[in-house]
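S.K.: just the structure for this:
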Amino acid sequence: NIELRRAGKLVSTLDLYDLLIKGDRTGDRVLQPEDVIHIGPVGTQTAVIGSVNKPAIFELKKGETVDDVLRMAGGLTAVADRGRLSVERLDERIGARVAQLRLPEDLKQTPANGDVLRAFSAVEATLPQDKQNKRVRIEGEVARPGDYILPPNSSITDAIRVAGGLTPNAYVFGTEFSRESVQKTQQENYERALRDLETEFAKKTSTQRALSADEAAVQASQSTGASRLIERLRAVRPTGRVVLQLDPNAAQLPELVVENGDRIYVPAVPTTVGVFGSVFNGGSYLYSGDRKVTDYVKLAGGPTRGADDGSAFVLRANGSVVSARQSSGFFSGGDLNVPALPGDTVFVPEELNKTTFIQAAKEWTQILYQFGLGAAALKTIKN
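M.R.: Next comes the predicted model:
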């Protein structure tokens, strides 16, 4: 919607897509001195990838359909599967959601802003999954980040090689490898865990009896706190992250075969260690190679009087967790004496009263890291 304005009046409008795709020059006027060309804000945008002649991101006018978008993309290729089309849409609750469209019935649907339409190859449609090409997104510290189509049986290292290799600042240990099938399973299990948590809360509340006004006030406060906790937990979404068992000094990624829709994010080397939870001054502190986890807890002012030291844990940059309850010697003489690593997040939970609902579900922090929710989730719940 490009407007030509002359002497304060609208003279004509030009649809650039009509010009580029159809060669239609209607509205393409000869310019005069003092003319103003006005280009308004971008409207709904939809991407088209896969077996189309001109894959790109297109801006849509009100009322334009999937059929219109395919036309702007030059139509399906000669080898496209004409009965199969998918749309990837970002859902605020569960993240990316992929739906299959029926052709030609669904061609009249109106795409939403941010939708990604994917046309498939008929050649791939006739092949088993292990023989099909894989679409993988590679981000972060690689030479050429982007979406890549890889041959069957390609590995993570193959994907990194296609993206030009790692940069000198890449932190291989902290690589985030996410998989759509894992995210779906995590989401289902996470919602089931939250339902169990709510059921436990309901049972606890129904069996409690207040003996005094003070006890009634305490129970009401506990009930409100538990409800708020569950509400915050519901706002967090599993990422589908697969923990890669890497050495902290690893220089390359494992030979794991990729699946369609996988995402690989290689971060830069972190410069901080985070300390959160029941400490006096939680936050992020500059990483120093000669410090241990306990040193960062001290920098944060140490645990508060109400801290549960025995349930503290460290979330590593690779997604793994080192817990105070593990038998690997996390504690030695009561200290968090393991060396800190770049990007560590130390979480010290509160010591919870045994009569509260939260104590009945004391392992709620485990929910966060068992479903790949990460450090950001811990901060969200704490806040």
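
S.K.: span of stretch 110-123 from start to end?
M.R.: From its first residue to its last, stretch 110-123 covers 28 Å (C-alpha to C-alpha, to the nearest Å).

S.K.: in it, what's buried?
M.R.: 111, 115-122 (16 or more other C-beta atoms under 10 Å). The way it works is simple: take the backbone N, C-alpha and C, and place the C-beta from them, glycine included.

S.K.: relative to residue 142, which of those is nearest.
M.R.: For the buried residues of stretch 110-123, the residue nearest residue 142 by C-beta to C-beta is residue 116; the value is 21.4 Å.

S.K.: and the gap between that closest one and residue 60?
M.R.: Separation of residue 116 from residue 60 (C-beta to C-beta, to the nearest Å): 13 Å.

S.K.: any shared contact partners between these two?
M.R.: Counting by C-beta atoms under 8 Å, 6 or more residues apart in numbering, the contacts common to residue 116 and residue 60 are residue 46.

S.K.: and of the buried residues of stretch 110-123, the nearest to residue 86?
M.R.: Distances from residue 86 to the buried residues of stretch 110-123, taken by C-beta to C-beta, are shortest for residue 118, at 4.8 Å.

S.K.: go ahead and confirm residue 347 touches residue 276.
M.R.: Yes. Under the criterion of C-beta atoms under 8 Å, residue 347 makes contact with residue 276 at 5.4 Å.

S.K.: who's more crowded, the two?
M.R.: The neighbour comparison of residue 347 against residue 276 (other C-beta atoms under 10 Å) goes to residue 347, with 25 against 21.

S.K.: show me what the helix or strand containing that one is packed against.
M.R.: In the assignment (DSSP states H and E), residue 347 maps to strand 345-348. Applying 3 or more C-beta pairs under 8 Å, 6 or more residues apart in numbering; DSSP states H and E, one finds that strand 345-348 makes contact with strand 272-277, helix 293-299, strand 313-315, helix 374-382.

S.K.: check the offset of that strand from the chain's centre.
M.R.: 21 Å (C-alpha atoms, centre = their mean, to the nearest Å).

S.K.: using CSV, write out every CA atom in that strand.
M.R.: C-alpha atoms of strand 345-348 as CSV (Å, rounded to 0.1, in the frame of the first residue of the first chain):
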residue,chain,number,x,y,z
THR,A,345,22.8,-20.7,37.9
VAL,A,346,22.8,-21.5,41.6
PHE,A,347,19.4,-21.8,43.2
VAL,A,348,18.9,-21.9,47.0
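
S.K.: pLDDT (mean, whole number) over that strand?
M.R.: Average pLDDT, strand 345-348: 90.

S.K.: also stretch 104-122?
M.R.: pLDDT averaged over stretch 104-122 gives 88.

S.K.: which residues touch it?
M.R.: 44-52, 60, 63-67, 69-70, 76-77, 79-82, 84-90, 101.

S.K.: which residue ranges form the strands in the stretch 1-150 of the chain?
M.R.: 2-6, 9-14, 36-39, 44-50, 56-60, 80-91, 95-102, 116-121, 134-140, 146-150 (DSSP state E, counting those that start in this stretch).

S.K.: for this structure, which spans come out with low pLDDT?
M.R.: 90-97, 124-127, 205-212, 215, 218, 222, 324-336, 352-383 (pLDDT under 70).

S.K.: and stretch 49-62, what's buried?
M.R.: Applying 16+ other C-beta under 10 Å to stretch 49-62 flags 49-52, 55, 58, 60 as buried.

S.K.: check contacts around residue 131.
M.R.: residue 152.

S.K.: next one: it from residue 123, what distance?
M.R.: For residue 131, the distance to residue 123 - C-beta to C-beta - is 10 Å.

S.K.: then residue 298?
M.R.: From residue 298 to residue 123 the distance is 61 Å (C-beta to C-beta).

S.K.: same check on residue 341?
M.R.: When residue 341 is compared with residue 123 (using C-beta to C-beta), they lie 46 Å apart.

S.K.: what of residue 289?
M.R.: Residue 289 is 52 Å from residue 123, by C-beta to C-beta.

S.K.: can you check residue 64 too?
M.R.: 30 Å.

S.K.: try residue 11
M.R.: 50 Å.

S.K.: same question for residue 342.
M.R.: 45 Å.

S.K.: and what of residue 280?
M.R.: 62 Å.

S.K.: could you check how far the residue sitting nearest the centre point of the chain is from residue 184?
M.R.: Nearest to the mean C-alpha position of the chain, counting by C-alpha atoms, centre = their mean, stands residue 239 at 5.0 Å. Distance, residue 239 to residue 184, by C-beta to C-beta: 12 Å.

S.K.: check residue 50 too.
M.R.: Distance from residue 50 to residue 184, by C-beta to C-beta: 21 Å.
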